[in-house]
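1. Just the structure for this:
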Amino acid sequence: MGVWGVGSFENDIALDWLFDFGENDFRLIDRTLAGVAAMLNTDDLDVDEASEVLAAAECVAAAGSYPAATIPDELQEWLNANFPIILKPDYVIMARKAVQRVKTNSELQALWDETDESEAWHTAVTDLQIRLAQIAIPDS
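-> Prediction:
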């Protein structure tokens, strides 16, 4: 996997996922997040799945009006083309759970923890969690 930074879209897997997102939008978010959010802590979450989760969660955060400071042009174009976006509360809930799983129990987290960039990666993921937490979810 080509990686050039700690950001959610700074690797080949996430950018490939983003390309697919442009063709499938929320159907891909649903497929990406639902399975991971429902995983048991004993289930393996590999690097590719974890990278895709972070990309999907970034799309949820951006659709919920809390994008990262910098986002890929493709995502900004999608946001502009689909404004206003009706964001299902389930996507926010799944994104929150899945990102927590990536941050605490994934192969991606384990690999970043072995590098000098571990703190920066954890900070980037925490920023995503904060942005997801700011999305209001209506009471059912």
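
2. ok, which stretches of the protein are helices?
-> Counting by DSSP state H, one finds helices in the chain at the ranges 12-24, 26-37, 47-63, 73-81, 89-104, 107-113, 118-133.

3. CSV please, covering those and showing distance to Gly5, mean neighbour count and mean pLDDT.
-> Quick note: C-beta positions are derived from backbone N, CA and C, even for glycine. Below are these laid out as CSV (distance: least, C-beta to C-beta, whole Å; neighbours: other C-beta atoms under 10 Å; pLDDT from 0 to 100):
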stretch, distance to Gly5, mean neighbour count, mean pLDDT
helix 12-24, 11, 17, 91
helix 26-37, 21, 19, 90
helix 47-63, 12, 25, 96
helix 73-81, 16, 13, 93
helix 89-104, 16, 20, 95
helix 107-113, 11, 17, 96
helix 118-133, 9, 17, 98
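
4. want to try TSV for these, with distance to Val6 as columns?
-> Compiled in TSV, the helices of the chain are given as follows (distance: least, C-beta to C-beta, whole Å):
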stretch	distance to Val6
helix 12-24	12
helix 26-37	20
helix 47-63	10
helix 73-81	18
helix 89-104	12
helix 107-113	7
helix 118-133	4
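
5. Go through these and name the closest to Asp139.
-> When the helices of the chain are compared by C-beta to C-beta, helix 89-104 sits nearest Asp139, at 9.5 Å.

6. Not counting that closest one itself, show me its contacts.
-> 26, 29-30, 32-34, 36-37, 39, 41, 45, 50, 53-54, 56-57, 60-61, 63-64, 108-109, 122, 125-126, 128-129, 132-133, 135, 137-138, 140 (C-beta atoms under 8 Å, 6 or more residues apart in numbering).

7. cool, and stretch 57-70?
-> Contacts of stretch 57-70 (C-beta under 8 Å, 6+ apart): 7-9, 18, 21, 29, 33, 71, 75, 79, 82, 85, 87, 91-92, 95, 98-99, 127-128, 131-132, 134-135.

8. burial count for Pro67?
-> As a burial measure, Pro67 scores 16 neighbours (other C-beta atoms under 10 Å).
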